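> 3D, please:
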Amino acid sequence: MKSLAFIHRNDTRFAIGDFYPALSVFSYQELGNTTSPFLLLDHLGPGILEPKSNKKGVHEHPHRGFETVTFVFAGELEHQDSIGHGGIIKQGDVQWMTAASGVQHIEHFSPEFREQGGYFEMVQLWVNLPAKDKMSRPRYQSLSNNTIPKILLEHDAGYVRIVAGQFENIQGIAQTFSPMNVFDVHLNKGHQIILPAAHEDTTLVYLRRGKAQFAEDEDLLEEQAIAMMSSFETDVSITALENCDILFLSAPPLQEPVNGHGFFVMNSYEEILQAYEDLKTGVFGKY
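All right, here's what the predicted structure looks like:
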């Protein structure tokens, strides 16, 4: 089993548009290439949106060079982008957007959710693209809750939703540019699970809720902290000391330079300058 390398906890919250402040769980600007190909993770909520709220969310902004993966655990988001994709991301849905060579989009609470108000919780993950794919054509994958494979664990231990990768010979539905496991896991108190992670994979365990422990490790993983596992050995054993909601990420590192600024993540400073030039001249996100 993989051992624990370190636990990272960040209490910094920041404004995303006029959303409520989000928790910056980790970013490549803090941890460098240690989390490759995963660039950052932000956690919005949990919180309550008042009925008839004038809070919308994030207005139009650009992305280039990576993918955004948005998990809506509660509430609703409306998405529209410059290549004609749009729709409502509902509770349990996942949106996998490949910005690649360039997309401009908005992310708002849906009009109906703003009118009615209610409980919301969302997580956004940024996944880096290999250099050869950074300037490929953007694409959009809308993964609705009822299409994401869900495995119920024995003895009422919980469940695993397979967003990408494979668990117990069941394949997730997201198409990825490099191999990776992305699982949404619920593990009930007192139960244990072994999740697949290859030797030398970057493996991250984010605990949205609860308290957990890893095999042969005394350190506890607590709510809204993320664990980086050793790249040696294979697989991860997790024991739930309380009911746990876990986001499990595992993938081979890209082993490529990362140069990012704002909403752009490329391999060189020159590519960042080009992204800003394309945005300035109006050719960004036009196909």
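
> in stretch 182-189, what's buried?
V182, F183, D184, V185, H186, L187, N188 (16 or more other CB atoms under 10 Å). Every C-beta, even on glycine, is put in place using the N, C-alpha and C of the backbone.

> scratch that, stretch 14-28 is what I was asking about
I16, F19, Y20, A22, L23, S24, V25, F26, S27, Y28.

> do the same with stretch 134-144
In stretch 134-144, counting by 16+ other CB under 10 Å, buried: K134, P138, Y140, Q141, S142, L143.

> identify, from these, the entry nearest to T176.
Q141 (9.6 Å; CB to CB).

> quick one, what contacts the closest residue to I148 other than its chain neighbours?
The shortest distance from I148 to any non-neighbouring residue, by CB to CB, 6 or more residues apart in numbering, is to R161 (5.1 Å). Listed by CB atoms under 8 Å, 6 or more residues apart in numbering, the contact partners of R161 are I148, P149, K150, F183, D184, V185.

> identify, from these, the entry nearest to F71.
Closest to F71, out of all of the contacts of R161 and judged by CB to CB, is D184, at 6.7 Å.

> look up how far V163 lies from the nearest residue in space to I83 that is not next to it in sequence.
Leaving aside its chain neighbours, I83 sits nearest to P138 (5.5 Å; criterion: CB to CB, 6+ apart). P138 is 19 Å from V163, where distance means CB to CB, to the nearest Å.

> what do you get for Q80?
22 Å.

> so between the two, which is more surrounded?
V163 (26 against 14; other CB atoms under 10 Å).

> show me what the nearest residue to F214 once chain neighbours are set aside is bridged to.
Using CB to CB, 6+ apart and skipping the chain neighbours, the partner closest in space to F214 is L4 (5.2 Å). With DSSP bridges applied, the residues forming beta bridges to L4 are M229.

> wait, what's in contact with L4?
Counted by CB under 8 Å, 6+ apart, L4 has contacts F214, D217, D219, A227, M228, M229, S230.

> okay but the third one is in contact with I7, surely?
Right, D219. Yes. Counting by CB atoms under 8 Å, D219 touches I7, with 6.3 Å between them.
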